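Chemist: Following is a predicted model, sequence given first.
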Amino acid sequence: SVQDSFDLGLTTANPGFYFLAGYTIINQKYPDAAGFFTFLLAFFYLLLAFTAGTKERTSELFHRFLIAIGVVLAVIAVPVQFHESWITVGWAAEAAALTYLGFKLRFPFVRMVGQCVFFFSIFRLFLFERDLPPDAVAFFNVRFLIFLAVFAALLFAAYVYRRRRTEAGNDEKIFFSVLL
């Protein structure tokens, strides 16, 4: 209904504006705390999603919106908190965790967000992590460790998909096999 759409719009806009205002204020005086603030806000919305009434009193769509808001804030928190190569590694680890949680919670949207975050991580990997300093030693350099971390996260997600392949939709299987 129109009322439900308006409520969901407010539910989506409120954390967006709160994040932007809070980030602007915190980042000016305490830039190292901006990532923690974003992670805390993500945790709050995820906690709210699982404690906001029973499913009989609130809509399933409302719960899913709150989970989506929490997940998006968690994805945003990685580049806010970390810099350079740690963003790539952080996104890969987060994508692996979202894949696992998506199956654990039986929520395909979380798995799809995990796949998108894998895409961001791989994009960053090949765009920003491709250069190697001239004095780098083979296999004992930062770039190798970054590639290894992303590969390990992808391997973990592939393992989870393999174990739970009956629960995954066809669109997920296609998308994930493209990533691998």
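Modeler: Received the coordinates, thanks.
Chemist: all contacts plus neighbour counts: C-alpha atoms, from now on.
Modeler: Will do.
Chemist: if I look at the residue of the chain positioned farthest from its centre, how far off is Phe128?
Modeler: Residue farthest from the centre of the chain, counting by Cα atoms, centre = their mean, is Asp135 at 34.4 Å. Distance of Asp135 to Phe128, given as Cα to Cα, to the nearest Å: 18 Å.
Chemist: swap in Gly16?
Modeler: Distance of Gly16 to Phe128, given as Cα to Cα: 28 Å.
Chemist: One more: Thr38?
Modeler: In terms of Cα to Cα, Thr38 sits 24 Å off from Phe128.
Chemist: Compare neighbour counts for these two and give me the winner.
Modeler: Counted by other Cα atoms under 10 Å, Thr38 and Phe128 do not tie: Thr38 has more neighbours, with 24 against 12.
Chemist: Which strand or helix spans the more buried one?
Modeler: Using DSSP states H and E, Thr38 maps to helix 34-51.
Chemist: And the following helix or strand past that helix, what does it pack against?
Modeler: Next in sequence after helix 34-51, counting helices and strands by DSSP H and E, comes helix 60-81. The contact analysis (3 or more Cα pairs under 8 Å, 6 or more residues apart in numbering; DSSP states H and E) places helix 60-81 against helix 2-29, helix 34-51, helix 85-104, helix 108-128.
Chemist: Let me see the mean pLDDT of the first one.
Modeler: Confidence for helix 2-29, expressed as mean pLDDT, is 84.
Chemist: in this structure, which segments are predicted with low confidence?
Modeler: 1-3, 53-58, 175-180 (pLDDT under 70).
Chemist: what do you get if the cut-off is 50, keeping everything else the same?
Modeler: 3 (pLDDT under 50).
Chemist: Contact partners for the residue nearest the centre of it?
Modeler: Taking Cα atoms, centre = their mean, the centroid of the chain lies closest to Val75, which sits 3.7 Å from it. Residues counted as contacts of Val75 (Cα atoms under 8 Å, 6 or more residues apart in numbering) are Trp91, Glu94, Val117.
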